[in-house]
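Visitor: Got a predicted structure here, sequence first:
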Amino acid sequence: MTTSSDLSTTPAPTLWARVTSRSSALASTAPVGAFKAYAILMGLYVLVFGPSIASQVVMMVRDGRIAATAPNPDQLWFVVGMTWAMDFLLVAFAGIALWVTARTCRIKVTDIFTPATRRSWWQSLGVFFSVLAAYITGMGARARLESTMATTDVGIIMNSADEALRMVLLVAVGQFTSAFVEETVAVACVVLLLTAASRPTWEVAIVLVIAKALYHAYYGWPILIMAPVTLLTAWMYWRTGRLWPIITAHAVYNGLFTAVVITTIITAPDAF
């Protein structure tokens, strides 16, 4: 029998314990066969990321490298318009992926996001800041590693302030839609489907790293340094089910990066 004295001596949960307390929808998912889970996951992945991966393969075959460059000035608005339209189309594809995943796991689409309640704000904020810090640290390490490599003609190439401005315009929408698309499909759908299929943790971890790295191939091998970030993000989702804070953290990081580029264009255009 618990007495009042026992309750008074019970230690309060730490901040980290409150942030990572189990509250995801994974426990309510229906069992899914491994073959079915992988077949669905592959189909959804190709639907959402197939065009990006295919274009990178074409660049590698044609140019011998994979690099994102700013559009030519005379084609700027046509390319920007097409890119923005594709960004919104990918959001729609991600929505389809979420619906299929929810149907397969026999949960509601809203369960995938586990909307924050009054009691979960500490957890939501903790997930947000943890993932944001991970992205800043991981991408900073990737940039530093890339700068030490002999070949620097990979990733996002901006050789002048004018090119940087055109690149910012090109990715203005994608900086935020990509956060939604990547975290829903390459994290939430992967975690939900493979967990429902009772796949071992090491297997899920490998699939997560591959899923994130493939469509970021234009960064070259340094992108693998982001593996810990991918795993932390997936663990946060697996543990808490808080997908919106993860998406928001990714979008905020992208926005901060864009803000740094714009600030550099204005204050130090010769830096490019």
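Guide: In hand now; what should we look at?
Visitor: Relative to Leu232, how far out is Ala186?
Guide: 14 Å (Cβ to Cβ, to the nearest Å). C-beta here means a position set from N, CA and C on the backbone, and glycine is covered the same way.
Visitor: The two: who's more crowded?
Guide: In this view Ala186 and Leu232 are compared by other Cβ atoms under 10 Å, and Ala186 has more residues nearby, 28 against 16.
Visitor: That one: what's it in contact with?
Guide: 45, 49, 208, 211-212, 215 (Cβ atoms under 8 Å, 6 or more residues apart in numbering).
Visitor: at 6 Å what do you get?
Guide: Neighbouring residues of Ala186 by Cβ atoms under 6 Å, 6 or more residues apart in numbering: 211-212.
Visitor: All the strands of the stretch 51-200 of the chain, residue numbers only.
Guide: 67-69, 155-157 (DSSP state E, counting those that start in this stretch).
Visitor: which one of those has the lowest average pLDDT?
Guide: Per-stretch mean pLDDT for the strands of the stretch 51-200 of the chain is lowest at strand 155-157 (a mean of 72).
Visitor: related to what we said a few turns ago, could the strands of the stretch 51-200 of the chain go into a markdown table alongside mean neighbour count?
Guide: A markdown table is the format used below for the strands of the stretch 51-200 of the chain (neighbours: other Cβ atoms under 10 Å):
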| stretch | mean neighbour count |
| --- | --- |
| strand 67-69 | 17 |
| strand 155-157 | 17 |
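Visitor: In TSV: those strands, plus distance to Ala251.
Guide: Converted to TSV, the strands of the stretch 51-200 of the chain look like this (distance: least, Cβ to Cβ, whole Å):
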stretch	distance to Ala251
strand 67-69	19
strand 155-157	17
